[in-house]
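Enquirer: the amino acid sequence is not available; the structure is as follows:
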């Protein structure tokens, strides 16, 4: 064998060895076993598994603060990616950033690709965590998510609008897989589809589908994204609203441990004067915590807040109060967006609750982005 052939054979062996090593270097199932976790996706990316582990671990002693669309716009401003009303008041961005796969596909190019992707990557680069809801337009009528025309039974496999649903999942899959950092690694996200399903204000709500139909839709959604589209950077979050008073009620539409990573609750109503009050919130958060612990999941207060925040001490006397109660271990709490002066859930400069929000931020129990360890590397004991 001449020199060139020997060199070519040697280089080929090196390349094959490197390829084998790169494939074997990370085994998600082994990694999850080593960490004592089990995600819905047994092949989840390393950073996705790491984020899950770290969030679960931090929840034992801290809660991360989150805000929806925090760098997209605020009260009186829009389009400044280095700004957030939260940062204006506290000096730090929130630790969790809320986004939305809303209005797919009608406004896909403008609403998702053009402005949101850069903000997601920037949040990740700063060490933040990105979570997505899905205010999904009614796939049967094309109406808004508030159009409660029956739809779920028609988008299940074998039914009339299933292909439309597949098309929309394909768009979410492609978009999620396009979220990469400078090195090409996937950016983990939390995906929280069909939230507040125990209410009846969205087309996927309790009055518009059976428990079995909802479970089938959830299982298909996760299976399709995970197994068919092979999306490896999703943590799947299951979050009803406040309409439960026991573990059994909470789990009435639960699709199974193999399809869920995060157990959450949305609850706005119990903070308003006509709501059931702080004790009711605490009880429900304790139920969420207990279920998450039993199932080795993450617990979270996935959406909450008080519109316009008329209570100057709401942050410390209400929200912080419920989060710090015994047997409440929320990985994060997220308040809704700041659209304008009448519709906002975080304070802005000059707001009546600004000073109290600063005190809330100072409490060592609450973590903002500046307080976070590297959430994409294993936190050591």
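Expert: That came through, no problem. Bear in mind that the values here come from a model prediction, so they are computed numbers and not experimental data. Numbering: from 1, shown residues only.
Enquirer: state the number of residues packed around the residue nearest to residue 46 when sequence neighbours are not counted.
Expert: The shortest distance from residue 46 to any residue other than its chain neighbours is 5.4 Å, reached at residue 26 (Cβ to Cβ, 6 or more residues apart in numbering). Backbone N, C-alpha and C define where each C-beta goes, glycine included. One way to gauge burial is a neighbour count; for residue 26, by other Cβ atoms under 10 Å, it gives 12.
Enquirer: let me see the confidence value for residue 26.
Expert: At residue 26, the model reports a pLDDT of 95.
Enquirer: please renumber so the chain begins at 53
Expert: New numbering, starting at 53: the last item is residue 78.
Enquirer: where do the helices sit along the stretch 53-202 of the chain?
Expert: Applying DSSP state H, counting those that start in this stretch to the stretch 53-202 of the chain gives helices spanning 55-77, 80-87, 98-110, 137-142, 168-177.
Enquirer: lowest average pLDDT across the ones you listed?
Expert: Between the helices of the stretch 53-202 of the chain, the lowest average pLDDT goes to helix 55-77, which shows a mean of 49.
Enquirer: lowest-pLDDT helix or strand in this structure?
Expert: With mean pLDDT, DSSP states H and E as the measure, the helix or strand of the chain carrying the lowest mean pLDDT is helix 55-77 (a mean of 49).
Enquirer: ok so, going back, I figured the residue nearest to residue 98 hits residue 99, correct?
Expert: No. Distance between residue 78 and residue 99: 10.4 Å, which falls outside the contact criterion (Cβ atoms under 8 Å).
Enquirer: give me the distance between the residue lying closest to residue 97 once chain neighbours are set aside and residue 411.
Expert: Distances taken as Cβ to Cβ, 6+ apart put residue 284 closest to residue 97, at 4.6 Å, once the chain neighbours are dropped. From residue 284 across to residue 411, the span is 40 Å (Cβ to Cβ, to the nearest Å).
Enquirer: cool, residue 235 as well?
Expert: Looking at residue 235 against residue 411, where the rule is Cβ to Cβ, the gap reads 39 Å.
Enquirer: compare these two (neighbour count), which wins?
Expert: The neighbour comparison of residue 235 against residue 411 (other Cβ under 10 Å) goes to residue 411, with 14 against 5.
Enquirer: touching, the more buried one and residue 367? I think so.
Expert: Yes. Applying Cβ under 8 Å, one finds residue 411 in contact with residue 367, separated by 7.1 Å.
Enquirer: who's in contact with stretch 230-241?
Expert: Residues from elsewhere that reach stretch 230-241, judged by Cβ atoms under 8 Å, 6 or more residues apart in numbering: 97, 99-100, 103, 169, 172-173, 176-177, 181-184, 228-229, 284-287, 428.
Enquirer: give me that answer again for 6 Å
Expert: Under the criterion Cβ atoms under 6 Å, 6 or more residues apart in numbering, residues 97, 99, 100, 103, 176, 182, 184, 285 lie in contact with stretch 230-241.
Enquirer: next: stretch 303-317.
Expert: Looking at what lies outside stretch 303-317 - Cβ under 6 Å, 6+ apart - the contacts are 91-92, 263, 266-267, 270-271, 274, 287-291, 336, 340, 343-344, 347, 349-352, 354.
Enquirer: quick one: buried ones out of the residues you listed?
Expert: Under a neighbour-count criterion of 16 or more other Cβ atoms under 10 Å, the subset of those counted as buried comprises 91-92, 266-267, 270, 274, 287-291, 336, 340, 343-344, 347, 349-352, 354.
Enquirer: could you list which of those belong to strands?
Expert: Using DSSP state E, the members of the buried ones among the contacts of stretch 303-317 that fall in strands are 287, 288, 289, 290, 350, 351, 352, 354.
Enquirer: check the residues you listed and tell me the two furthest apart.
Expert: The distance between the two most remote of those (Cβ to Cβ) is 14.1 Å, for 288 and 351.
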